[in-house]
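>>> Structure for this input, please:
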Amino acid sequence: MTFAELHRIYYQPFFTLIKQARAVHDEHWTDGTVQLCTLLSIKTGGCSEDCGYCAQSARYTTGVQAEKLMEREQVMERALAARSSGATRFCMGAAWKGVRKGTQKFDQVLDIVRDVSKLGMEVCVTLGELGAEEASDLKKAGVTAYNHNVDTSPEHYPNIVSTHTFEDRLRTIRHAQDAGMSVCCGGILGLGETIDDRLKMLEVISNFNPQPESVPINALMPIQGTPMGDNEVVDSFAFIRMIAVARIALPKSKVRLSAGRTNLSREAQALAYFAGANSIFYGDKLLTAANPRANEDMRLLRDLGLLPLEPNPGMEAPGATNGVPLSPCCEREHACEKEMTGACC
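I've put the predicted structure just below:
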């Protein structure tokens, strides 16, 4: 979708927008299910990046201590617990700039993925930047989906982080898609951006070919000690508007309620489901932040007549439309400098 189209959709009267989003949802998602994803930080803190919202950056004093990569046995224990509690996707995150083939830490992650993939759940990882070889190895090890958010608009991105670029994010997404993994890609609201920035972020994501398999919409949970520690909490109506616009712009993608759900009432979460959300991060903790308790989530789903989605570990990645895969950064005014890097298109 174009920015102009997204702008028009967003600024409709609230109930008109919700009605349109619900119609799109009902056209593409008819079984009344919600995907339950559990997120585990397998390597916490000590990250060299300077993302202004992140408690795990080594540049800020947030109370998060740097830890080593978890042992495989520890991860398996948590994965088994997630499966027992009803999660159908197990997501593992590591606070690194990226991974490189042939290093000990990457080999350890591949071993962990191989074991987790045998549990019958979908396997998602977020490890920072990926090259083509690393993406291929992760796919072969059993990764179902790779999470790599674009966070915000290309214009606002330099205000959020200086240690990598928006184009770096797009390049990693391209490598993940080329390797045959599904892509989980969304953004964060509350980073000091404008509404236009939020819509430009969705413009980028909606023009991926193929579109992401899932789209997490996060609301910033301000962390004291980070540059954004005093940012205002995102308004519930603004958050739900973005859920609705994401559903319209990405009709076949799962739209995930992610960080910030602790600031939403049961009623606001119910409205978000009605507007098109059909996936949540499930469990008492995200990477380092609190999350609604699992029993609270299950009670809300029961009250709404919704059911947990069954796992699909053999899920194939979405195919490009017309069979022609394009880079996420192609055919946009904010395209990466493909002639210089050779990385796109």
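
>>> going forward, measure contacts and count neighbours with C-alpha atoms only.
Fine.

>>> ok, and what's touching the helix or strand hosting residue 269?
Assessed by DSSP states H and E, residue 269 sits inside helix 266-274. Helix 266-274 has contacts (CA atoms under 8 Å, 6 or more residues apart in numbering) with 18, 22, 236, 240, 243, 244, 261, 300, 304.

>>> Export those residues as CSV, with columns for pLDDT and distance to residue 139.
Below are these laid out as CSV (pLDDT from 0 to 100; distance: CA to CA, whole Å):
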residue, pLDDT, distance to residue 139
18, 98, 37
22, 98, 34
236, 95, 37
240, 97, 33
243, 97, 29
244, 98, 31
261, 84, 30
300, 93, 34
304, 96, 36
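
>>> Give the helix, strand or coil label for the residue nearest to residue 53 when sequence neighbours are not counted.
Of all residues not flanking residue 53 in the chain, residue 228 sits nearest, at 5.5 Å (CA to CA, 6 or more residues apart in numbering). Put simply, residue 228 is coil when judged by DSSP: H, G, I helix; E, B strand; the rest coil.

>>> For residue 63, give me the pLDDT.
As predicted, residue 63 sits at a pLDDT of 79.

>>> got the phi/psi numbers for it?
phi 90, psi -10 (degrees, to the nearest 10).

>>> what's the answer for the one 5 residues further on, then?
The phi and psi values for residue 68, taken as degrees, to the nearest 10, are phi -80, psi 160.

>>> rewinding a little: which of the contacts of helix 266-274 lies closest to residue 192?
residue 236 (16.1 Å; CA to CA).

>>> what's the neighbour count on the closest one?
18 (other CA atoms under 10 Å).

>>> Quickly note the distance from it to residue 23.
21 Å (CA to CA, to the nearest Å).

>>> what's the angle from the longest strand along the chain to helix 266-274?
Criterion DSSP state E: the longest strand present in the chain is strand 33-43. With axes from the mean of the first three to the mean of the last three CA atoms, to 10 degrees defining the directions, strand 33-43 sits at 110 degrees from helix 266-274.

>>> helices or strands next to strand 33-43 in the packing?
The contact analysis (3 or more CA pairs under 8 Å, 6 or more residues apart in numbering; DSSP states H and E) places strand 33-43 against helix 72-84, strand 89-94, strand 279-281, strand 307-308.

>>> pLDDT averaged over that strand - what is it?
91.

>>> ok, and what's touching that strand?
67-70, 75, 78, 82, 86-95, 278-283, 285-288, 306-310.

>>> Can I get the buried part of the residues you listed as one PyMOL selection?
A single PyMOL command is used to select the members of these judged buried by 16 or more other CA atoms under 10 Å:
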select buried, resi 69+70+75+82+86+87+88+89+90+91+92+93+94+95+278+279+280+281+282+283+285+286+287+306+308+309
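
>>> follow-up on the earlier one: neighbouring strands - and their directions - for the longest strand of the chain?
strand 89-94 (parallel), strand 279-281 (parallel), strand 307-308 (parallel) (DSSP bridges).

>>> could those be laid out in TSV, adding mean pLDDT?
Output for these, formatted as TSV (pLDDT from 0 to 100):
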stretch	mean pLDDT
strand 89-94	92
strand 279-281	89
strand 307-308	90
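
>>> Reformat these as a markdown table; add distance to residue 163.
Below are these laid out as a markdown table (distance: least, CA to CA, whole Å):
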| stretch | distance to residue 163 |
| --- | --- |
| strand 89-94 | 17 |
| strand 279-281 | 28 |
| strand 307-308 | 39 |
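
>>> quick one: the helices in the stretch 201-345 of the chain?
236-249, 266-274, 294-304, 338-341 (DSSP state H, counting those that start in this stretch).

>>> Now tell me which of the ones you listed the model trusts least on average.
Sorting those by mean pLDDT places helix 338-341 lowest, at a mean of 31.

>>> What residues does the residue nearest to residue 53 make contact with?
52, 53, 191, 222.

>>> So which elements touch the helix or strand containing residue 17?
Assessed by DSSP H and E, residue 17 sits inside helix 14-28. Contacts defined by 3+ CA pairs under 8 Å, 6+ apart place helix 14-28 against helix 236-249.
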